[in-house]
Each structure stands twice: as C-alpha cells, then as structure tokens.
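Trainee: no letters, just coordinates:
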C-alpha cells in the first residue's frame, strides 16, 4: 500500500471512531511505529486530525470542542451497546438511578425500559425522550431542567439546584475523555459542574466510557479517576490504559462488543 493510500485509510478510521492508537494502526497496516507517527504528523499538518500522545483524534475533538449528539451517536456503536447492557444489569427493580447526558447513557436508557418501578433522574434530553416515549406505567422520569448544550445536556444553576435535593442509588456517567492527570473530563465547563452535582447526589458512581475516551481530555475535569466506584469500558482498551484504570478506579469491568453481523448472501439455484 502506498503511503498516500494508507494515510487516507487512517484519516477515515479516525473520522469514524473519533480516535485511534498508534499500536492499533501498526497492527492493522503491518508497518512500524515510526511510519505511523510520520503518517499522523503529515495528516495533522493537513488538518485531517489532531495528533496526541500515543495516537490521534479527529480535529474537532480538541479540549474545548463539544461534538453534537448526532455526530457522536454513530461512533463505537457495538461497544456502547455492550457497555450499556452490562450497566443495566446493575439496576434493581424499585431503585433510583441517575443518567448524565451522552450517547452511551442514552443507549443505557433503552436498556432500562423493561426494569419496573425505577425512578430515573437525568439531565439528558435524549434519554428523557426515550424513557418517556417507551416507559412502563411503573417508571418515573425526572428531568432536571437547565440550559441545553450541543450534546443535548441540560446544565447550569437550574440543573445543579434540582440535583441538590435528590439522592439516588447509582449514577451512570458518560464522559468526553479520561486520563490519569485530568481524570474524567468534558469540553463544557457548565456540564462539568452539573456532573459534579450528580456525583454528589448518588451513593455509587459508575462511569460508562468506551476505549476511545482514553487519553482524550476535555477542558474541564469532572472528577478524578478515584471518584468512580466502577468503570465499564470495552475490550478495545489498550493494556497500559487498563493498568492505569485498574490502579485508579474502584473496580474495572471490560466487556466484549458483539461482532458486526454480515448480510446473508442469497444463492441462486
């Protein structure tokens, strides 16, 4: 494969997944780490991606850029489904849970529809809409209110005030990024404040984050890694990141995404 063709493929992978590691690219293309780093440097100069330590992210994934919900929804779909399914198994009938905004927590909302007698507190318009449109009669949905962000989160003083009087059994929190120094982070300052209020309102914090969130810090820290009682991620997480998370969070669960299904081929006789 020519360098130009390989770089086009790399740029497409980063656009599709949001981020990618050098190690994954060397395995995929069968070239050296040095070759991949040169490819990433070339693509970064052309504005196709942002080069970060150990890999690359899409150019719009800077620390202050907040991707829209629709943009994030199509990324890492199978990983998010596996993470959400594992999270739903933690929810007992009759419990009170909180969901922050995000595409993984929105995926979890769909998995909560068959759990009876639960109360769901959320600042996610998308999660609330999903639950309200499909909820059973025995479920209660509490939407915090606040100012709407590009990711369809309700944030700010109104949301924080609403959360101050609530106490839930478990919070499921999605994040923009995570690393050892920054902890769990988001590009939006008010969303970070609102998520911190959610952390104060719960007995247990469960973070839902697919492997692309590692080493992709946002502008504002929500909490240190140690604040997570449990982190659920997928098997795409690299070994060094897994080690760092195991040392930081209370408990780490790694799930295996389902393999994509292939269309059935019709056979003419």
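Mentor: Received the coordinates, thanks. Predicted model, so just to flag it, every value in this text is computed and none were measured. Numbering: from 1, shown residues only.

Trainee: first to last residue in stretch 171-186, what's the distance?
Mentor: 17 Å (Cα to Cα, to the nearest Å).

Trainee: same question for stretch 203-223.
Mentor: So stretch 203-223: terminal residues 15 Å apart, Cα to Cα.

Trainee: equivalent analysis for stretch 181-197, please.
Mentor: For stretch 181-197, the first-to-last residue distance is 21 Å (Cα to Cα).

Trainee: list the buried residues in it.
Mentor: 182-188, 190-197 (16 or more other Cβ atoms under 10 Å). For glycine as for every other residue, the C-beta is placed from the backbone atoms N, C-alpha and C.

Trainee: out of the residues you listed, which are inside helices?
Mentor: Among those, the residues falling in helices (DSSP state H) are 190, 191, 192, 193, 194, 195, 196, 197.

Trainee: which of those lies closest to residue 158?
Mentor: Proximity of these to residue 158 (Cβ to Cβ) peaks at residue 194, which lies at 9.5 Å.

Trainee: and that closest one, what does it touch?
Mentor: Shown in contact with residue 194 (Cβ atoms under 8 Å, 6 or more residues apart in numbering): 100, 123, 144, 146, 153, 154, 155, 156, 159, 160, 163.

Trainee: can you pull the pLDDT of it?
Mentor: Residue 194 is assigned 96 on the pLDDT scale.

Trainee: quick check: beta-bridge partners of residue 179?
Mentor: residue 183 (DSSP bridges).

Trainee: highest neighbour count among the contacts of residue 194?
Mentor: residue 123 (33 neighbours; other Cβ atoms under 10 Å).

Trainee: surely that one touches residue 142?
Mentor: No - using Cβ atoms under 8 Å, residue 123 makes no contact with residue 142, being 9.9 Å away.

Trainee: what secondary structure does the residue lying closest to residue 32 once chain neighbours are set aside sit in?
Mentor: Leaving out its chain neighbours, the residue that sits closest to residue 32 by Cβ to Cβ, 6 or more residues apart in numbering is residue 26, at 6.7 Å. Put simply, residue 26 is helix when judged by DSSP: H, G, I helix; E, B strand; the rest coil.

Trainee: report how many residues lie close to residue 26.
Mentor: 16.

Trainee: do you know the pLDDT at it?
Mentor: 93.
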